[in-house]
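Student: Pasting a predicted model and its sequence here:
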Amino acid sequence: METIYKPITVFVGYDNGVLYSKIGRAPENFITYDFPENYRHPWKHVESIEILCRNWNKHHEKVAMCTHSPYIIDHLVNLMFGYKAKDKAKAAKLLRLKDLDSFIDQKDVAVYFIGDDGGIKNILEEDGFINWESLSEVSEYVGQVRWDIQEE
């Protein structure tokens, strides 16, 4: 089986147990993080993905991560767009980066969604955006239900 891992690999979804039963653990040369967002402020989510990308660029430390954090995923997209930016200094300032080495080439990134049926789907689009279709259902429901309650 061809590997689905790239230097920065992120899994999002219902259950990391399903992930491990489907594809096994990450290769030995990967650092693995299960839900680094647990018990951390959202700014720390942002910082954590910056550190992981920087460590790949400087030290070639590969990472496989399971997360439910939209902050981590969205900021990873920011870092990929920053990598492609013409004015990297401006992009770094907008992103509050401490180090330009936190920008990451999209070719080094994989983002997968693990469905409740155990299916694994690449959700990183060719244009660098994340296909939020599978994740936005929860946000839409949570955002809409309060309006439904108020109408009663």
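Tutor: Looks like it came in fine.

Student: Which residue ranges of the chain form strands?
Tutor: 8-13, 30-34, 62-66, 109-114, 120-122 (DSSP state E).

Student: Can you tell me the strand partners of the third one and which way each runs?
Tutor: When you say that, I think you mean strand 62-66. strand 8-13 (parallel), strand 30-34 (parallel) (DSSP bridges).

Student: ok, now the fourth one?
Tutor: Looking at strand 109-114 with DSSP bridges, its partner strands are strand 8-13 (parallel), strand 120-122 (antiparallel).

Student: Please convert the strands paired with strand 62-66 to a markdown table, extending it with distance to H75.
Tutor: (Glycine included, C-beta is placed from N, CA and C.) Below are those laid out as a markdown table (distance: least, Cβ to Cβ, whole Å):
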| stretch | distance to H75 |
| --- | --- |
| strand 8-13 | 11 |
| strand 30-34 | 15 |
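
Student: Just put these in CSV and tack on mean pLDDT, mean neighbour count and distance to D127.
Tutor: Compiled in CSV, the strands paired with strand 62-66 are given as follows (pLDDT from 0 to 100; neighbours: other Cβ atoms under 10 Å; distance: least, Cβ to Cβ, whole Å):
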stretch, mean pLDDT, mean neighbour count, distance to D127
strand 8-13, 83, 24, 17
strand 30-34, 79, 15, 26
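
Student: Nearest to I123 among the ones you listed would be which one?
Tutor: For I123, the closest of the strands paired with strand 62-66 is strand 8-13, at 7.2 Å, according to Cβ to Cβ.
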